[in-house]
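Engineer: Any chance you can model this:
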Amino acid sequence: LTPRLGDLIAGAVSLIRADAARLAPASAAALSAWIDAQSPETFYGLRAHFLLIPWLFEARIRGEADPEFQQRLVYSSLNGYFFVRLLDNVSDDHVPADRALLPLAALFHGNFQSAYAEWFPHGHTFWEHFDGLWVGMADATVRHESLRDLTDAEFVAVTSRKIAAVKIPVAAVCLRHGRPDLLAPAFEFYDRFACAHEMLDDFCDWQPDLLAGRSSFLLSEAARRGQPGESIHACMLREGLAVGYGKIRAWLRDASLLAHGLDDTMLESFVEYRSAQMERYWRSLAPVLDRLRALADILEGPPPDGLR
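Structural biologist: Numbering: from 1, shown residues only. I've put the predicted structure just below:
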């Protein structure tokens with residue numbers, strides 16, 4: 001499966017470069033270099049859930065994925081990813097030089113949307129889902145920036161919409177093959193999976209988020225759970241990361257049950273793979289966390305009697 005998907009990814013990136021050369025010749029070299037600078041591991045193997053899951057859904061519906069249709073879905077989704085990545089880089093000031101490329105987000109946005117016009121004419125039900133999911137994602141992102149103290153309910157409500165665009169190719173698969181009945185369970189699956197995915201981001205980025213003053217559910221939860229006089233760092237080490245890991249496991253377990261309910265064995269296997277991957281990662285952290293907790297207790301605890 002993944003080698004075939006890898007070929008589609010490579011083909012889609014080549015098409016995007018060709019689009020840039022044709023439509024934006026003065027900027028094509030800079031844009032191509034920017035594409036090269038993005039993390040290639042994001043797309044390959046089993047990491048690119050937003051490319052893999054539509055493939056698995058189509059294979060579930062028709063017995064096998066349609067390579068031509070999947071090529072256009074991958075092309076669209078990569079353009080959507082690059083569009084969001086460029087906006088994120090500029091808004092978070094990750095790469096100041098990216099500001100000069102921001103107008104070229106128009107290329108990514110146009111490609112992302114136009115790929116679906118080949119399969120769904122104007123007025124098709126698909127476009128209602130497209131507009132609701134795409135604009136809903138933008139709305140949730142704005143709302144997230146205004147929240148300074150995220151509760152569990154707010155995290156779930158915002159997260160399920162913050163990456164809602166990943167549901168667009170799933171909607172395309174269901175509607176192209178006349179299975180609108182699968183939209184609700186497929187979206188419910190992705191909501192659970194998205195919560196686990198976004199919590200993993202919080203889990204991995206809690207230190208940069210804390211230093212930059214960015215809000216996240218894990219940091220908000222650490223502030224709520226912290227003991228008197230305890231720093232956010234110490235609370236994260238004491239129980240905050242364990243809370244995050246527990247929630248990731250629970251959401252992946254829910255996603256696995258929903259995949260089972262969809263009678264999608266490949267999708268269920270993929271979620272189980274991600275669960276096992278997360279468990280191995282957590283186990284590898286455990287010895288380091290034990291030592292860091294002990295150090296935090298020493299640094300933040302009362303001084304020894306001789307030093308009082």
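
Engineer: residues near Gly63, how many?
Structural biologist: Number of residues near Gly63 (other Cβ atoms under 10 Å) recorded here: 7. Where C-beta positions appear, they are placed from N, C-alpha and C, glycine not excepted.

Engineer: what does Glu145 give?
Structural biologist: So Glu145, with other Cβ under 10 Å, has 11 neighbours.

Engineer: what's the distance between it and Arg225?
Structural biologist: Glu145 sits at a distance of 24 Å from Arg225 (criterion: Cβ to Cβ, to the nearest Å).

Engineer: The helix or strand containing Ala138 - contacts with which helices or strands?
Structural biologist: Under the criterion of DSSP states H and E, Ala138 resides in helix 126-146. The helices and strands touching helix 126-146, judged by 3 or more Cβ pairs under 8 Å, 6 or more residues apart in numbering; DSSP states H and E, are helix 105-117, helix 152-162, helix 167-176.

Engineer: what would those look like in a markdown table with mean pLDDT and mean neighbour count?
Structural biologist: What follows is the helices and strands packed on helix 126-146, written out as a markdown table (pLDDT from 0 to 100; neighbours: other Cβ atoms under 10 Å):
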| stretch | mean pLDDT | mean neighbour count |
| --- | --- | --- |
| helix 105-117 | 96 | 18 |
| helix 152-162 | 82 | 18 |
| helix 167-176 | 97 | 24 |
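
Engineer: looking at these, which is closest to Ala28?
Structural biologist: helix 105-117 (9.6 Å; Cβ to Cβ).

Engineer: Now do that closest one and helix 167-176, the angle between them.
Structural biologist: 20 degrees (axes from the mean of the first three to the mean of the last three Cα atoms, to 10 degrees).

Engineer: List of residues touching helix 105-117?
Structural biologist: With contact meaning Cβ atoms under 8 Å, 6 or more residues apart in numbering, helix 105-117 is reached by 16, 19-20, 23-24, 31, 72-73, 75-77, 79-80, 82-83, 86-87, 126, 130, 168, 172.

Engineer: mind running it again at 10 Å?
Structural biologist: 12, 15-16, 19-20, 23-24, 27-28, 31, 71-87, 90, 101, 124, 126-127, 130, 134, 165, 168-169, 171-172, 176 (Cβ atoms under 10 Å, 6 or more residues apart in numbering).

Engineer: Just the buried ones from those?
Structural biologist: 12, 15-16, 19-20, 24, 27-28, 31, 71-87, 90, 101, 126, 130, 134, 165, 168-169, 171-172, 176 (16 or more other Cβ atoms under 10 Å).

Engineer: Quick check: Gly244 touching Leu200?
Structural biologist: Yes: contact criterion Cβ atoms under 10 Å: Gly244 and Leu200 qualify, at 8.1 Å.

Engineer: What helix or strand is Leu257 located in?
Structural biologist: Per DSSP H and E: helix 241-261 holds Leu257.

Engineer: Report the buried residues of the helix or strand containing Tyr281.
Structural biologist: Using DSSP H and E, Tyr281 sits within helix 265-300. Using 16+ other Cβ under 10 Å as the test for burial, helix 265-300 gives 267-268, 270-271, 274-275, 278, 282, 292, 296.

Engineer: Okay, angle between it and helix 241-261 too, please.
Structural biologist: 170 degrees.

Engineer: low-confidence ranges in this structure?
Structural biologist: Across the chain, residues meeting the criterion (pLDDT under 70) sit at 1-3, 39-42, 44-47, 296-308.

Engineer: Kindly provide the distance from Ser27 to Leu73.
Structural biologist: Distance of Ser27 to Leu73, computed by Cβ to Cβ: 26 Å.

Engineer: just Asp19 next, same as before
Structural biologist: Distance, Asp19 to Leu73, by Cβ to Cβ: 16 Å.

Engineer: swap in Ser91?
Structural biologist: 27 Å.
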